[in-house]
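Colleague: structure of the sequence below:
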Amino acid sequence: MKAYYKKHVLQFKRPSGTSRGILKIKETWFIVLENEAKQGLGECGLLRGLSIDDRPDYEAKLAWVCDNIHLGKDALYAALTEFPSIQMGLEMAFLSFEQVDAFSLFPSAFSTGETKIPINGLIWMGDQQFMLDQVEEKLAQGFSCIKMKVGAIAFSDEVEILKAIRKRYSADQMVLRVDANGAFGQDALEKLHILADLELHSIEQPIPQGNWEEMKALCQKTPLPIALDEELIGVFSTAEKIALLDSIQPQYIILKPSFIGGFQGAEEWTSLATARGIDSWVTSALESNIGLNAIAQWVYQQGYKGHQGLGTGSLYTNNIPAPLEIKNGYINIDNTQQWQPINQLLS
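Modeller: Predicted structure coming up:
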């Protein structure tokens, strides 16, 4: 077996805003495994400015993995602790290579198109009208869960958008989540009380990661469930994960496999959180359809409940063609469509 990697730059259909800035492109890398008879494909979903492995030697590490693929998945995975997105791509590539169908990594009723997964509709930051337009679009598309990014425009304007949704849909009819991406400051608790009055499901990462004591205090006092997201990035060892969960004691954690050591890393986080009564759900890290397909199949196989953050496949003008379909607030695999051969997909 031999291996090689290929870079692909995804182009956003429209600039997408977060509290850290505007996203116009998203770089991703694919690992391809092959022998005379078959191929396997995995995606290393790096996100510039956020992934812990966004570092100058990233591509050199990818080359090292491909040059040493003979060492095997387990040995390579163990050597990639500080490169979680490469761990993810490596896991995917081996899973893909081992299956009869390279794109059915976790065979199930989902992978065969017999069932679907509920997802949230994502509202990107922008001016108030732009965000309202996105809300209307998601409502028209049949979503029953909306996640809105907050923290870039006036908080009062964001609250007005959420109020407008709540006037039309009760908490029983529409699940509302917000994601602050660490944008709140000293007034975080005050803002959480305002948001709680709107019967929100939860808020992701209200304050910047790394402030364990402040986050712990918020989780103890909050009227609105808090989900840790960025807080999990860069926490590598089991002992560190236990310390974080026991210290902060959040209501939820959010799992982005590309940020936390692939499926193996996400499963460890889930096990530790579940043992402490902490629930979780899964969100993609803006991967292409290759990574999104694998994550969605894994989510179904693992039995995660509720709305997942897997609605990002339609963000790009040049995504990898895939039989993934988003319809009425669900993601599913259209079994009337076929994947192209790997060589054609990456050409």
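
Colleague: any idea which helix or strand comes after the longest strand along the chain?
Modeller: The single longest strand within the chain, with elements called by DSSP state E, is strand 2-18. Later in the chain than strand 2-18, the nearest helix or strand by DSSP states H and E is strand 21-34.

Colleague: quick one on the thing from earlier: so which elements touch the longest strand of the chain?
Modeller: Helices and strands touching strand 2-18, as assessed by 3 or more C-beta pairs under 8 Å, 6 or more residues apart in numbering; DSSP states H and E, comprise strand 21-34, helix 58-67. C-beta: built from backbone N, CA, C; applies to glycine.

Colleague: so which residue is dead centre in the chain?
Modeller: Centroid-nearest residue in the chain: residue 284, 2.2 Å away (criterion: C-alpha atoms, centre = their mean).

Colleague: got the contact list for that residue?
Modeller: 45, 256, 258, 291-292, 295, 309-310, 312 (C-beta atoms under 8 Å, 6 or more residues apart in numbering).

Colleague: which among these gets closest to residue 240?
Modeller: residue 256 (17.2 Å; C-beta to C-beta).

Colleague: which stretches of the chain have low pLDDT?
Modeller: Within the chain, the segments meeting pLDDT under 70 span 17-21.

Colleague: what's the domain layout of it?
Modeller: 2-103, 117-343 (automatic domain parsing).

Colleague: kindly reformat those domains as JSON lines containing distance to residue 111.
Modeller: Formatted as JSON lines, the domains of the chain follow (distance: least, C-beta to C-beta, whole Å):
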{"stretch": "domain 2-103", "distance to residue 111": "8"}
{"stretch": "domain 117-343", "distance to residue 111": "5"}
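
Colleague: and the helices in the stretch 51-200 of the chain?
Modeller: 58-67, 73-78, 84-98, 128-140, 155-168, 188-196 (DSSP state H, counting those that start in this stretch).

Colleague: quick one: the fifth one to chain centroid distance?
Modeller: Think helix 155-168. Relative to its chain's centre, helix 155-168 lies at 25 Å (C-alpha atoms, centre = their mean, to the nearest Å).

Colleague: ok, now the fourth one?
Modeller: Taking the mean C-alpha point of helix 128-140 and that of its whole chain, the gap between them comes to 22 Å (C-alpha atoms, centre = their mean).

Colleague: for stretch 55-67, same thing?
Modeller: Centre-to-centre, stretch 55-67 and its host chain are 23 Å apart (C-alpha atoms, centre = their mean).

Colleague: can you list the buried residues in it?
Modeller: 58, 61-62, 64-66 (16 or more other C-beta atoms under 10 Å).

Colleague: okay, those in CSV with distance to residue 161 next?
Modeller: Below are the buried residues of stretch 55-67 laid out as CSV (distance: C-beta to C-beta, whole Å):
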residue, distance to residue 161
58, 37
61, 42
62, 41
64, 47
65, 44
66, 46
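
Colleague: farthest-apart pair in those residues, please.
Modeller: 58 and 66 (13.2 Å).

Colleague: distance of the residue sitting furthest away from the middle of the chain from residue 2?
Modeller: Distance to the chain centre peaks in the chain at residue 36, reaching 34.0 Å (criterion: C-alpha atoms, centre = their mean). Remark: distance between residue 36 and residue 2 (C-beta to C-beta, to the nearest Å) = 10 Å.

Colleague: count the neighbours of residue 81 for me.
Modeller: Residues lying near residue 81 (other C-beta atoms under 10 Å) number 13.

Colleague: same question for residue 175.
Modeller: 20.
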